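Visitor: dropping the sequence and predicted coords here.
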Amino acid sequence: MLGFIGGTGLYDLPGLRNVRYERVPSPFGRPSDDVLLGEPDGQPLAFLPRHGRGHVVPPHLINYRANLDVLKRLGVTDVVSLSAVGSLREDLPPGTFVLVDQFVDRTRRVASFFGEGLVAHVGMAEPVCARVGDALEQAAADAGAPARRGGTYIVIDGPQFSTRGESLMYRQWGCDVIGMTNMPEARLAREAELCYATVAMVTDWDCWHPDHGSVTIPEIMAVLAANGDRARDLVRRVAPLLAEHSECPHGCDRSLDSAILTAPGARDPEMVTKLDAVAGRVLQ
């Protein structure tokens with residue numbers, strides 16, 4: 001099953017058949033919202049609005065663990081994250097879709113499903129699934145969306161936008177776009193053995209650009225409204241490209257094979273139970 005996590009301005013997916021919202025309980029607490037289930041052209045799809053319908057959850061209070069856990073429980077195998085971001089590069093103007101392949105994490109959030117009593121370390125050198133990225137690149141081209149493959153997304157806690165000094169520093173670091181939501185989301189997707197990729201939709205210039213002022217919400221929403229149809233078209237087009245999920249050639253769906261360090265006899269039974277969906281494949 002293909003799963004989508006929608007960011008700012010994307011709270012539903014029109015045009016689906018057999019639509020229903022399902023409330024999925026999670027041992028990690030309450031997710032951002034109920035999950036929208038439907039079928040574009042007969043293929044099952046799950047959609048979770050990251051901020052909840054109506055945008056009621058700020059980025060620093062999103063329960064990222066619950067969000068990924070409920071998608072895994074529903075049988076999702078591939079996750080496409082849709083996120084509004086600011087540009088840190090002159091050649092990435094508002095309206096551009098960036099298919100990012102790297103992240104710099106500046107957040108201070110709970111970043112793992114694992115912890116005391118059950119320790120695991122997954123590899124994050126390549127945090128985005130190239131197979132899903134290939135499908136997104138093709139879907140963006142078919143949708144006529146101005147898209148660039150590759151880029152580094154720096155993630156800040158928010159909810160405030162960055163200062164000009166921070167924005168200039170992030171440019172010096174080599175970052176391409178800035179946002180508040182894709183970490184620890186990408187880390188948790190890897191721990192849950194989900195193939196994950198991001199479509200970062202540029203809405204503004206952050207605050208570094210000498211010809212543009214501070215970021216404003218009306219500016220962001222205007223760009224999102226203009227790009228909303230393209231984003232939904234991209235979603236519709238990528239679904240059939242990922243319909244036949246087999247073993248991931250990059251190993252995303254087997255990331256826990258050698259990641260767990262805690263000996264079976266020393267594992268906390270409550271943690272094992274809590275991780276039944278995320279890590280049940282290797283813990284059973």
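Guide: Here it is on my side, so go on.

Visitor: and the helix of greatest length in the chain, what does it pack onto?
Guide: Longest helix in the chain by number of residues (criterion: DSSP state H): helix 217-241. Counting contacts by 3 or more C-beta pairs under 8 Å, 6 or more residues apart in numbering; DSSP states H and E, helix 217-241 is packed against strand 2-6, strand 78-87, strand 97-99, helix 130-143, strand 195-204. The way it works is simple: take the backbone N, C-alpha and C, and place the C-beta from them, glycine included.

Visitor: make TSV from those and add mean pLDDT to it.
Guide: Putting those into TSV (pLDDT from 0 to 100) gives the following:
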stretch	mean pLDDT
strand 2-6	92
strand 78-87	94
strand 97-99	96
helix 130-143	93
strand 195-204	94
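
Visitor: turn those into TSV, including mean neighbour count and distance to Thr163.
Guide: Output for the helices and strands packed on helix 217-241, formatted as TSV (neighbours: other C-beta atoms under 10 Å; distance: least, C-beta to C-beta, whole Å):
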stretch	mean neighbour count	distance to Thr163
strand 2-6	26	28
strand 78-87	26	13
strand 97-99	23	23
helix 130-143	20	32
strand 195-204	27	15
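
Visitor: any chance of the ones you listed in a markdown table, with distance to Pro269 too?
Guide: Converted to a markdown table, these look like this (distance: least, C-beta to C-beta, whole Å):
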| stretch | distance to Pro269 |
| --- | --- |
| strand 2-6 | 29 |
| strand 78-87 | 29 |
| strand 97-99 | 41 |
| helix 130-143 | 34 |
| strand 195-204 | 29 |
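
Visitor: what's the closest of the ones you listed to Asp105?
Guide: Nearest to Asp105 among those is strand 195-204; the distance by C-beta to C-beta comes to 13.3 Å.

Visitor: report the inter-axis angle for that closest one versus helix 130-143.
Guide: Calculated by axes from the mean of the first three to the mean of the last three C-alpha atoms, to 10 degrees, strand 195-204 forms an angle of 40 degrees with helix 130-143.

Visitor: confirm Gln160 sits in a helix?
Guide: No. Assessed with DSSP: H, G, I helix; E, B strand; the rest coil, Gln160 is coil; it does not lie in a helix.

Visitor: burial count for it?
Guide: 9 (other C-beta atoms under 10 Å).

Visitor: what's the distance between it and Val278?
Guide: Gln160 sits at a distance of 31 Å from Val278 (criterion: C-beta to C-beta, to the nearest Å).

Visitor: swap in Val80?
Guide: On the measure of C-beta to C-beta, Val80 and Val278 end up 19 Å apart.

Visitor: Ala66 now?
Guide: Taken as C-beta to C-beta, the span from Ala66 to Val278 is 11 Å.

Visitor: give me the more crowded residue out of those two.
Guide: For Ala66 versus Val278, neighbours defined as other C-beta under 10 Å are more numerous around Val278 (26 against 20).

Visitor: any stretches of the chain with poor pLDDT?
Guide: In the predicted model of the chain, residues 9-12, 14-15, 213, 245 satisfy pLDDT under 70.

Visitor: give me every residue that touches the residue nearest to the spatial centre of it.
Guide: Of all residues in the chain, the one closest to the mean position by C-alpha atoms, centre = their mean is Ser81, 3.4 Å from it. Applying C-beta atoms under 8 Å, 6 or more residues apart in numbering, we find Ser81 in contact with Phe4, Ile5, Gly7, Thr181, Asn182, Glu185, Ala186, Tyr196, Ala197, Thr198, Val199.
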